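>>> I would like to see how this sequence folds:
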Amino acid sequence: MIEDLKNTQIIEKVGGKFKLAALIQKRTLELIRGGRPLIENAEGLTPIEIVVKEILQDKIAAADAAVKPEKKDAIL
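Numbering: from 1, shown residues only. Okay, the predicted model is just below:
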């Protein structure tokens, strides 16, 4: 599992190291609090291992926080 995190593919897939770390933390917390794994055969895996497999299988992705709101009737 740790070897998967060293692979640049997972970093590029999420959009960077910091986004990857945030996604892993958020999803791990969801799993610890009772969330269900999105992958099959998750028995015996740690929550972090489940999250890494979910990312690699495109089951989860980081949300882009840079979404700009639409402008309505700009006042000059």
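>>> C-alpha from now on. contacts and neighbour counts both.
Noted.
>>> Let's verify the spatially most central residue of the chain: helix, strand, or coil?
The residue lying closest to the centre of the chain (Cα atoms, centre = their mean) is Leu23, at 3.6 Å. Following DSSP: H, G, I helix; E, B strand; the rest coil, the label given to Leu23 is helix.
>>> From what I see, it and Ala62 are in contact.
Yes. Leu23 is within contact range of Ala62, at 6.0 Å (criterion: Cα atoms under 8 Å).
>>> about what we covered before: now do the residue nearest to the centre of the chain, the pLDDT please.
What the model reports for Leu23 is a pLDDT of 96.
>>> do the same with Glu3
Looking at Glu3, its pLDDT reads 84.
>>> Could you do Ile75 as well?
Looking at Ile75, its pLDDT stands at 55.
>>> do the same with Ala65
With respect to pLDDT, Ala65 scores 47.
>>> before we move on, what about Ala62?
86.
>>> my guess is it contacts Val14, does it?
Yes. Ala62 is within contact range of Val14, at 5.9 Å (criterion: Cα under 8 Å).
>>> With neighbour numbers in mind, choose between the two.
Looking at Ala62 and Val14 with other Cα atoms under 10 Å, you find the greater number of neighbours at Val14, namely 21 against 15.
>>> and the next element down the chain from the one helix or strand Leu29 maps to?
Using DSSP states H and E, Leu29 sits in helix 17-32. Elements were assigned by DSSP H and E; along the chain past helix 17-32, the next helix or strand is helix 47-56.
>>> Can you dump the C-alpha atoms of the least confident helix or strand in the chain by mean pLDDT in CSV for me?
Within the chain, no helix or strand scores below helix 2-6, which has a mean of 82 by mean pLDDT, DSSP states H and E. Extracted as CSV, the C-alpha positions of helix 2-6 are listed here (Å, rounded to 0.1, in the frame of the first residue of the first chain):
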residue,chain,number,x,y,z
ILE,A,2,2.8,2.4,0.8
GLU,A,3,4.3,1.7,-2.5
ASP,A,4,1.1,2.8,-4.2
LEU,A,5,1.6,6.2,-2.6
LYS,A,6,5.1,6.6,-3.9
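>>> tell me which residues of that helix are tucked away?
By neighbour count on 16 or more other Cα atoms under 10 Å, the buried set for helix 2-6 is empty.
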